[in-house]
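Novice: got a sequence here, can you build the structure:
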Amino acid sequence: MSLSGKRVRVLITIPAELYSRISRAGDEEKLRSFAECVFNPFNRNLNEDELSELIVDVDGCITSWGSPRFTEKVLNNANRLKIIGHAAGSVKPYVTEQVFKRGIIVVNAASTIAKPVAEFTIAMILNCLRGIPKYVEAMRMRNWVHREQRGFTTYDLNGKTIGIIGFGAVAKELVKLLKPFEVSIMVYDPYAEPSQVASYGARKVGLNELLKCSDVVTLHAALTPETHHMIGEKELRLMKPAAYLINTSRGALIDENALVKALREKWIAGAALDVFEQEPLESNSPLYDLENVFLTPHVAGGSDERMRQLFGTVVEDFKRFFSGEKPINEVPYEKLKILA
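Specialist: Numbering: from 1, shown residues only. Here you go, the predicted model:
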């Protein structure tokens with residue numbers, strides 16, 4: 001299969017160990033049904049020179065976490081490259097403006113990741129409102145009476161106001177999951193059309209209004225120069241004392257020093273964080289010692305089951321592209337700066 005009549009050649013830059021975690025046997029069979037596969041020969045990610053050598057006479061390239069960037073040096077050797085597929089979410093660390101200027105199509109697997117992140121966010125919200133991890137910890141210590149001894153107030157999700165910052169794929173999936181809880185939903189996203197937000201049963205508002213009125217604030221924005229530390233001391237002081245802050249997006253959206261102060265001084269009730277400014281989270285971080293924050297090690301992006309679907313998402317788009325159809329998960333250049 002090919003757009004030019006020649007046999008399609010696809011380079012897979014993904015190291016074997018990672019490849020085994022993000023693919024299924026049927027995915028590779030589907031790819032081989034229309035393309036010759038060239039695999040990364042090393043049990044590690046390629047470097048720039050190695051990618052430059054392997055990219056010659058390749059029509060498509062499938063990457064994932066840790067793949068080298070498509071620099072000018074790489075692109076100068078990409079004499080047949082028509083499409084890049086990233087079997088993960090953010091393509092920003094890997095593709096350059098020159099990729100788009102050369103007319104190379106870029107697709108990713110962000111749509112596959114969106115649903116599990118939304119599910120995880122729901123779990124974090126419920127953990128915060130009901131204090132579930134604290135009960136689990138108490139029971140592990142054989143402390144049945146913790147429910148009477150606890151020093152925190154628990155809440156229902158039903159009927160609350162949820163503030164969503166950023167209205168991309170994850171946020172849209174989250175809104176769908178929140179509907180049965182009969183919550184009010186506010187959205188802050190300068191790039192979202194009010195009519196689009198309204199079509200999901202939510203209301204577009206300014207950031208200050210969202211922070212002041214929400215019982216739970218959850219972050220789903222891309223990290224850009226404009227959103228770096230968008231939640232700092234000023235913003236945290238606007239939140240309700242009984243409100244919770246959730247972050248399953250990018251760590252640097254929050255000024256962690258300001259958040260530590262807010263949690264210590266109880267400006268807000270608590271937080272749940274899956275992402276951090278520095279990862280792994282440093283062992284001396286004060287966040288570890290705070291009782292009103294739940295921490296997880298950047299695992300919201302998918303269960304093992306969902307992770308194994310990432311490669312297949314890209315393969316399906318490659319099949320469509322080389323059959324002359326439009327890929328489902330194309331990343332438009334004009335939206336690149338506002339994507340996670």
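Novice: phi, psi for the residue nearest to residue 213 when sequence neighbours are not counted please.
Specialist: The shortest distance from residue 213 to any non-neighbouring residue, by CB to CB, 6 or more residues apart in numbering, is to residue 161 (5.6 Å). Every C-beta, even on glycine, is put in place using the N, C-alpha and C of the backbone. Phi and psi for residue 161, reported as degrees, to the nearest 10, are phi -100, psi 120.
Novice: who does residue 161 form a beta bridge with?
Specialist: residue 184 (DSSP bridges).
Novice: burial measure for it, as a count.
Specialist: Residue 161 has 16 neighbouring residues, counting by other CB atoms under 10 Å.
Novice: give the contact list for it.
Specialist: Counting by CB atoms under 8 Å, 6 or more residues apart in numbering, residue 161 touches 183-186, 213-216.
Novice: 6 Å instead, please
Specialist: By CB atoms under 6 Å, 6 or more residues apart in numbering, the contact set of residue 161 is 184, 213-215.
Novice: reformat these as TSV; add distance to residue 300 and neighbour count.
Specialist: Shown next, in TSV, are the contacts of residue 161 (distance: CB to CB, whole Å; neighbours: other CB atoms under 10 Å):
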residue	distance to residue 300	neighbour count
184	24	16
213	25	17
214	20	26
215	21	23
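Novice: in strands, which of these fall?
Specialist: Within the contacts of residue 161, residues falling in strands by DSSP state E are residue 184.
Novice: follow-up on the earlier one: mind checking pLDDT for the residue nearest to residue 213?
Specialist: In this model, residue 161 is scored at 98, pLDDT.
Novice: same check, this time on residue 113
Specialist: 95.
Novice: equivalent analysis for residue 338, please.
Specialist: At residue 338, the pLDDT value in this model is 74.
Novice: what's the burial count for it?
Specialist: 17.
Novice: and what of residue 229?
Specialist: Using other CB under 10 Å, the number of residues around residue 229 comes to 15.
Novice: again with residue 25
Specialist: 7.
Novice: need the strands for the stretch 151-300 of the chain, in chain order.
Specialist: Listed from the start of the chain, the stretch 151-300 of the chain has strands (DSSP state E, counting those that start in this stretch) covering 161-165, 184-188, 203-204, 216-219, 244-247, 270-273, 293-295.
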